[in-house]
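Chemist: sequence unknown, structure follows:
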């Protein structure tokens with residue numbers, strides 16, 4: 001496999017192209033955050049049972065996870081005049097339209113209608129839109145940016161843009177939630193205020209970043225067969241490791257427990273804005289990621305992130321009554337989220353390089369879909385765990401003050417679960433060897 005030398009090799013990215021590339025990532029990150037509020041919207045605004053909501057969302061994510069594998073195969077077979085991954089960027093616009101509709105469930109509707117409305121919109125958002133965007137990300141990136149150095153800059157320096165957008169919505173949304181989203185209609189208005197501009201921003205990448213790098217591998221001559229997708233699962237253990245890492249991360253972050261924690265344990269949802277804002281101290285670390293990666297492997301950076309998340313979890317569980325200590329936990333989370341968030345796609349590209357070594361075919365779309373599959377399953381487990389434990393703890397959305405048993409369950413989900421999950425990820429990363437193999441693999445395949 002080789003990449004035709006059509007672009008500069010000095011690792012530079014023009015400012016316009018750099019920021020244009022980040023638009024869809026920022027929009028998708030904001031959408032992910034908005035979706036994390038759907039549980040409390042259903043339980044508190046629509047008065048739906050938390051276990052029912054958790055079951056619906058978890059079930060939809062299982063469907064979503066299965067479609068990820070087929071999406072990867074579809075992207076790998078795509079070949080249009082706009083490119084391989086680029087055409088799927090339009091899914092971000094559809095995703096925002098569906099998100100606004102999901103937060104517009106009629107409060108007077110029956111329980112069955114509410115459940116069906118939630119399930120259909122949530123499945124379409126994740127099983128179609130997010131699935132195709134995820135599967136197309138790596139094929140698009142490797143054809144739009146030629147060198148590994150460029151892609152590292154996109155993941156690290158570009159992460160500042162995406163993280164800034166995420167922090168902005170994390171700061172703004174709790175305020176809007178307290179002032180506007182006090183009724184079902186208020187929720188719809190709040191989501192529309194964010195969703196409409198984000199849809200326009202998200203599609204800018206399609207217009208300003210084209211696929212200009214010619215990527216050739218064995219699949220160009222032999223084509224992609226369905227069995228090739230299954231061979232990735234059988235021959236590439238590192239895909240599983242990165243996928244399971246993402247599984248754990250999505251299980252923790254996809255629960256949407258923060259809103260419950262600040263509403264019912266801290267007693268003030270507005271405090272969530274300050275907590276989200278304080279994680280901005282981690283932003284400068286993204287600027288030094290390229291330098292850190294010359295001294296540390298990607299897997300080592302992920303392990304550092306896991307340790308930071310474990311510290312945060314312990315602080316939240318045991319010191320929940322001290323707001324300054326809770327804020328310190330968010331500083332650690334700001335540090336913890338960086339390696340996994342911005343190294344995952346790079347590690348998947350490395351897995352594609354390893355796959356080309358063992359089979360001659362990169363299969364970037366399929367590999368990205370496997371990550372998406374396991375991430376969706378992780379999110380499903382997280383939402384199911386949230387709904388089940390809240391119900392077991394006696395949580396009732398109609399109560400303004402929750403029982404102590406419900407508050408304990410919220411603390412377990414907020415602090416205890418992350419400790420266990422990220423400890424397991426840190427141990428697993430000890431067996432990830434692609435980092436050490438990469439220089440030789442890139443030399444073998446003529447990559448830069």
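Modeler: Structure's in. What do you need? Here the structure is a predicted model, which means the values were calculated and not measured.

Chemist: Stretch 61-71 - what's its average pLDDT?
Modeler: When pLDDT is averaged along stretch 61-71, the result is 74.

Chemist: Relative to the whole chain's centre, how far out is that stretch?
Modeler: On the basis of Cα atoms, centre = their mean, to the nearest Å, stretch 61-71 is displaced by 15 Å from the centre of the chain it belongs to.

Chemist: and if you look at stretch 386-394?
Modeler: 24 Å.

Chemist: Now do the buried residues in that stretch.
Modeler: 386-391, 393 (16 or more other Cβ atoms under 10 Å). The C-beta positions use only the backbone N, C-alpha and C, and glycine is treated the same way.

Chemist: what's in contact with it?
Modeler: Residues outside stretch 386-394 that contact it (Cβ atoms under 8 Å, 6 or more residues apart in numbering): 39, 49-55, 57-58, 255-257, 260, 402-403, 405-410, 412-413.

Chemist: got it, and stretch 369-376?
Modeler: Counting by Cβ under 8 Å, 6+ apart, residues outside stretch 369-376 touching it are 61-62, 64-66, 68-73, 75, 126, 130-131, 134-135, 232-233, 239-240, 242-244, 246-247, 249-250, 344, 348.

Chemist: Filter these down to the buried ones, PyMOL style.
Modeler: Filtering the contacts of stretch 369-376 down to the buried ones (16+ other Cβ under 10 Å) takes a single PyMOL command:
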select buried, resi 61+64+65+68+69+70+71+72+73+75+126+130+131+134+135+232+239+240+242+243+244+246+247+249+250+344+348
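
Chemist: Please narrow the contacts of stretch 369-376 to those residing in helices.
Modeler: Under the assignment DSSP state H, the contacts of stretch 369-376 contribute 61-62, 64-66, 68-73, 75, 131, 134-135, 232-233, 239-240, 242-244, 246-247, 249-250, 344, 348 to helices.

Chemist: The helix or strand containing residue 160: how far from the chain's middle?
Modeler: Using DSSP states H and E, residue 160 sits within helix 148-179. Distance of helix 148-179 from its chain centroid, counting by Cα atoms, centre = their mean, is 12 Å.

Chemist: Any buried residues in it, and which?
Modeler: 148-163, 165-171, 173-174, 176-177.

Chemist: May I see the buried residues of stretch 386-394 arranged in TSV, with pLDDT, secondary structure and distance to residue 427 as well?
Modeler: Shown next, in TSV, are those (pLDDT from 0 to 100; DSSP: H, G, I helix; E, B strand; the rest coil; distance: Cβ to Cβ, whole Å):
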residue	pLDDT	secondary structure	distance to residue 427
386	86	helix	25
387	82	helix	28
388	86	helix	26
389	90	helix	24
390	89	helix	29
391	87	helix	31
393	92	coil	29
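
Chemist: on that earlier part again, and the contacts of stretch 386-394, which are buried?
Modeler: Of the contacts of stretch 386-394, these count as buried by 16+ other Cβ under 10 Å: 39, 49-55, 57-58, 255-257, 260, 402, 406-410, 413.

Chemist: re the thing from before, now go through the contacts of stretch 386-394 and say which are in helices.
Modeler: Members of these lying in helices (criterion: DSSP H): 39, 50-55, 57-58, 257, 260, 405-410.

Chemist: mind listing what the nearest residue to residue 140 once chain neighbours are set aside touches?
Modeler: Closest residue to residue 140 apart from its sequence neighbours, by Cβ to Cβ, 6 or more residues apart in numbering: residue 85 at 2.9 Å. When contacts are counted by Cβ under 8 Å, 6+ apart, residue 85 is found next to 75, 78, 136-141, 143, 211, 365.

Chemist: 7 Å instead?
Modeler: Applying Cβ atoms under 7 Å, 6 or more residues apart in numbering to residue 85 gives the contacts 75, 136-137, 139-140, 143.

Chemist: neighbours around residue 266, how many?
Modeler: 18 (other Cβ atoms under 10 Å).

Chemist: Could you tell me which ranges of the stretch 1-150 of the chain sit under the pLDDT cut-off?
Modeler: Applying pLDDT under 70 to the stretch 1-150 of the chain flags residues 1-11, 65, 69.

Chemist: where do the strands sit along it?
Modeler: 2-3 (DSSP state E, counting those that start in this stretch).

Chemist: just the stretch 201-350 of the chain next, same as before
Modeler: Using DSSP E, counting those that start in this stretch, strands in the stretch 201-350 of the chain cover 215-216.

Chemist: Going by residue numbers, what spans are helices in it?
Modeler: Using DSSP state H, counting those that start in this stretch, the helices of the stretch 201-350 of the chain run over 204-208, 218-222, 226-235, 237-253, 257-260, 271-278, 283-287, 289-292, 298-318, 323-359.

Chemist: Which strands or helices does the first one pack on?
Modeler: Same thing as helix 204-208. Applying 3 or more Cβ pairs under 7 Å, 6 or more residues apart in numbering; DSSP states H and E, one finds that helix 204-208 contacts helix 15-35.

Chemist: so what's residue 58 up against?
Modeler: 380, 383-384.

Chemist: and it, how far is that from residue 114?
Modeler: For residue 58, the distance to residue 114 (Cβ to Cβ, to the nearest Å) stands at 17 Å.

Chemist: can you check residue 444 too?
Modeler: 56 Å.

Chemist: Using JSON lines, please lay out the buried residues of stretch 386-394 together with distance to residue 191.
Modeler: Output for the buried residues of stretch 386-394, formatted as JSON lines (distance: Cβ to Cβ, whole Å):
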{"residue": "386", "distance to residue 191": "20"}
{"residue": "387", "distance to residue 191": "21"}
{"residue": "388", "distance to residue 191": "26"}
{"residue": "389", "distance to residue 191": "26"}
{"residue": "390", "distance to residue 191": "23"}
{"residue": "391", "distance to residue 191": "26"}
{"residue": "393", "distance to residue 191": "28"}
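
Chemist: Please name the nearest non-neighbouring residue to residue 379.
Modeler: Residue 379 sits nearest to residue 254 (Cβ to Cβ, 6+ apart), 3.6 Å away.

Chemist: For the one you found, report the pLDDT, please.
Modeler: Predicted confidence (pLDDT) for residue 254: 77.

Chemist: Tell me the spacing between it and residue 246.
Modeler: Applying Cβ to Cβ, the value for residue 254 to residue 246 is 11 Å.

Chemist: Return every residue with contacts to both of those two.
Modeler: With Cβ under 7 Å, 6+ apart as the test, residue 254 and residue 246 both reach residue 378.

Chemist: before we move on, back to that, backbone phi and psi for the residue nearest to residue 140, please?
Modeler: phi -100, psi -30 (degrees, to the nearest 10).
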